[in-house]
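> Need coordinates for the below:
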Amino acid sequence: MLTSIPVYAYVGLSAVLFALGLIGVLTRRNAITIFMSIELMLNAANLVFVAYARHNLNMSGQVFVFFVMVVAAAEVAIGLALIVTIFRSKRSIDVDALRQLNG
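Numbers count the residues shown, from 1 in each chain. Predicted structure coming up:
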């Protein structure tokens with residue numbers, strides 16, 4: 001017989017994923033890697049929403065996840081468009097080099 005995984009295991013996994021994403025945002029210099037780390041942080045939040053929705057037998061967590069996924073998709077589309085535009089003009093996507101964006 002299968003036993004259910006307790007909700008604190010999902011919260012712990014989500015905390016680890018969020019911490020890895022935060023470390024990636026704070027330490028990386030590549031803009032694409034920073035965007036991937038932000039996506040990891042958003043997915044960690046989604047995991048907590050779904051875990052608590054399942055634990056409480058309530059569907060509101062899945063509704064929040066849907067909206068977070070929509071925001072994440074918009075963020076990726078706009079962010080990648082900005083990265084491509086900046087790369088065409090500067091020939092680099094290093095975040096430190098982008099601090100000098102003067103006309």
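> pLDDT averaged over the host helix or strand of V70, what's the number?
According to DSSP states H and E, V70 maps onto helix 60-90. Taken as a whole, helix 60-90 carries a mean pLDDT of 85.
> again, but for stretch 21-40
Confidence over stretch 21-40 (mean pLDDT, whole number) is 90.
> what does it contact?
Identification of contacts with stretch 21-40 by C-beta atoms under 8 Å, 6 or more residues apart in numbering yields 17-18, 20, 41, 44, 72, 75-76, 79-80, 83, 86, 93-96, 98. Quick note: C-beta positions are derived from backbone N, CA and C, even for glycine.
> how about 7 Å then?
With contact meaning C-beta atoms under 7 Å, 6 or more residues apart in numbering, stretch 21-40 is reached by 17, 20, 41, 44, 72, 76, 79, 83, 93-96.
> Could you pull out the buried residues of that stretch?
21, 24-25, 31, 34-35, 37-40 (16 or more other C-beta atoms under 10 Å).
> possible to save the residues you listed as CSV with secondary structure and distance to A9?
Shown next, in CSV, are the buried residues of stretch 21-40 (DSSP: H, G, I helix; E, B strand; the rest coil; distance: C-beta to C-beta, whole Å):
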residue, secondary structure, distance to A9
G21, helix, 19
G24, helix, 23
V25, helix, 25
A31, helix, 33
I34, helix, 29
F35, helix, 28
S37, helix, 23
I38, helix, 24
E39, helix, 22
L40, helix, 18
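> With distance to L13 as new columns, can those residues be given to me in TSV?
Output for the buried residues of stretch 21-40, formatted as TSV (distance: C-beta to C-beta, whole Å):
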residue	distance to L13
G21	13
G24	17
V25	19
A31	27
I34	22
F35	22
S37	17
I38	18
E39	16
L40	12
